[in-house]
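Asker: this is a predicted model, with the sequence first.
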Amino acid sequence: MSKVKINEEKIDKLAHLAVKRGVGLQKGQNLLITAPLESLPLVRKIAEHAYKEGAHIVTPLFTDSDITLSRFKYAPHESFDNSTDWLFKGMGEAFDTNTARMAIAGDDPMLLSEMDPEKVSRANKAMAKAYKPARERITEFKINWNIVSWPGKAWAKRVFPKLDTDEAVVKLADAIFDASRASVDDPVKAWDDHNEKLRIKTNWLNDQNFAALQYNGPNTNLRVGLADEHEWMGGASKAQNGIICNPNIPSEEVFTTPHAHKVDGTVVSTKPLSYQGTLIENIKVTFKDGKIIEASASKGEEVLHKVLKSDEGASRIGEVALVPHSSPISQSGIIFYNTLFDENAASHIALGQCYSKCFKGELDLSPEEISKRGGNSSMIHIDWMIGSNDIDVDGIDQNGNIVPVFRKGEWAK
Ligand code: ZN
Ligand code: ZN
């Protein structure tokens, strides 16, 4: 395809890992893969491993950044409130018949930054609306799914601007393989060990059953109430179809559902947030009764304000996640400009939709029941980083006792 030489053995290992432990593909399942065209070598390997595992039909859906840019440059103005509703309806249907889902991340995170922000915002809104049938089944965890990454050229240049393109791609490839634990001899075994460590943390947090978490640090004084009967999750988890998967590769977080109406105080972002082509930096928000009543950013503030107005739930949070500062991604010192990686470098919260799976019991909770327990609903879900080695986190138990959870960005115990 190109002169770029990415280690082929590692591509194969990542593909195998993604099929075996990522999506956890079962014999007889169909597999839908959305991917940038550049990631074709990885997608081919994934398809090979999927068929070897007994997949029935593997369907790749490719996008291409030049074609995406052509739309924003040349498509008629009135077209930007439209989306491919038919496609996302079809995805919803596929998931209803037990098709597993994989997504390959690899596009330039700033792809749309030079395009007309009004068109981008309208297109994003239309897309978020149309994507609902697919998104709901993913957030409700109806089927096993997984995201892995590919070092796209433009993304690699964004992360390593001083290197020439080929070098940047190879360097980003290595960073992806390392962060994904795909560089080791036996990635599948490495993930079994990693999942076990995360399970010990989630078990402890679930035993504690905290009412709230209190964050203290520079410019941060935030109390996050947790949803009633919330459950902490992390690493491998079981989808409603009974299949165990690791939705994100890499993943270092343990996470749960906060109470959409019990978040108070002020918090600042500790890393830039790359949101659909715009970099939003130095976010500072103040919550009252769960709602953001004040929000500023040193860069991308206009986009942030638009995001917060997406819908009723966009100014409340739907996820709270703990990640130690010593996580390999944080230690790599690389800013990936990609949430999949950057969210695993630091503790974070997410605006918008909650994961309905983060509640006790194997229940298929109705939206009403989720909302009664404090789970937020929205058409967006945007993670942003609030953790660093300056942040302490305390758990406040149901009797008001304070239990140290994080000290200076690390697990307190
Ligand atoms: Zn998260
Ligand atoms: Zn999230």
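Answerer: Looks like it came in fine. Ligands and ions are numbered 1, 2, ... in the order given.
Asker: ok, the residue of the stretch 301-413 of the chain found nearest ligand 1 - how many residues close by?
Answerer: Residue nearest to ligand 1 within the stretch 301-413 of the chain: residue 321 (3.9 Å; C-beta to the ion). All C-beta spots, glycine's among them, are computed from the backbone N, C-alpha and C. Residue 321 has 24 neighbours, counted by other C-beta atoms under 10 Å.
Asker: that one: which element?
Answerer: Using DSSP states H and E, residue 321 falls within strand 317-322.
Asker: can you give me the mean pLDDT across the longest helix seen in the chain?
Answerer: In the chain, assigned by DSSP state H, the helix with the most residues is helix 187-208. On average, the pLDDT along helix 187-208 is 97.
Asker: in that helix, which residues are buried?
Answerer: The neighbour-count check on helix 187-208 (16 or more other C-beta atoms under 10 Å) flags 187, 190-191, 194-195, 198-199, 201-202, 205-206, 208 as buried.
Asker: in space, what's closest to residue 292 - neighbours in sequence excluded?
Answerer: Nearest non-adjacent residue to residue 292, counting by C-beta to C-beta, 6 or more residues apart in numbering: residue 315, 4.3 Å away.
Asker: quick one: contacts for that neighbour?
Answerer: 291-292, 308-309, 351 (C-beta atoms under 8 Å, 6 or more residues apart in numbering).
Asker: repeat for residue 294
Answerer: Neighbouring residues of residue 294 by C-beta under 8 Å, 6+ apart: 284-286.
Asker: list buried residues within the residues you listed.
Answerer: Burial by neighbour count, 16+ other C-beta under 10 Å: within those this picks out 285-286.
Asker: the residue most central in space within the chain and residue 278, how far apart?
Answerer: Residue closest to the average C-alpha location in the chain (C-alpha atoms, centre = their mean): residue 340, at 4.9 Å. When distance is defined by C-beta to C-beta, to the nearest Å, residue 340 is 17 Å away from residue 278.
Asker: which residues in the stretch 251-400 of the chain form helices?
Answerer: Here the stretch 251-400 of the chain has its helices, by DSSP state H, counting those that start in this stretch, at 301-308, 328-332, 339-342, 367-372.
Asker: want to throw these into JSON lines with mean pLDDT?
Answerer: Listed next are the helices of the stretch 251-400 of the chain as JSON lines, based on pLDDT from 0 to 100:
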{"stretch": "helix 301-308", "mean pLDDT": "95"}
{"stretch": "helix 328-332", "mean pLDDT": "89"}
{"stretch": "helix 339-342", "mean pLDDT": "87"}
{"stretch": "helix 367-372", "mean pLDDT": "93"}
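Asker: right, and those - which one's nearest ligand 2?
Answerer: So among the helices of the stretch 251-400 of the chain, helix 339-342 is nearest, using C-beta to the ion, at 7.5 Å.
Asker: and residue 389, how many neighbours?
Answerer: A count of nearby residues for residue 389, using other C-beta under 10 Å, gives 16.
Asker: from ligand 2, how far off is the nearest residue to residue 184 once chain neighbours are set aside?
Answerer: Closest residue to residue 184 apart from its sequence neighbours, by C-beta to C-beta, 6+ apart: residue 190 at 4.9 Å. Distance check for residue 190 against ligand 2: by C-beta to the ion, to the nearest Å, it reads 23 Å.
Asker: so residue 190 is in contact with residue 181, correct?
Answerer: Yes: at 4.5 Å, residue 190 counts as touching residue 181 under the criterion of C-beta atoms under 8 Å.
Asker: select the longest strand from this protein.
Answerer: If you go by DSSP state E, the chain has its longest strand at strand 258-268.
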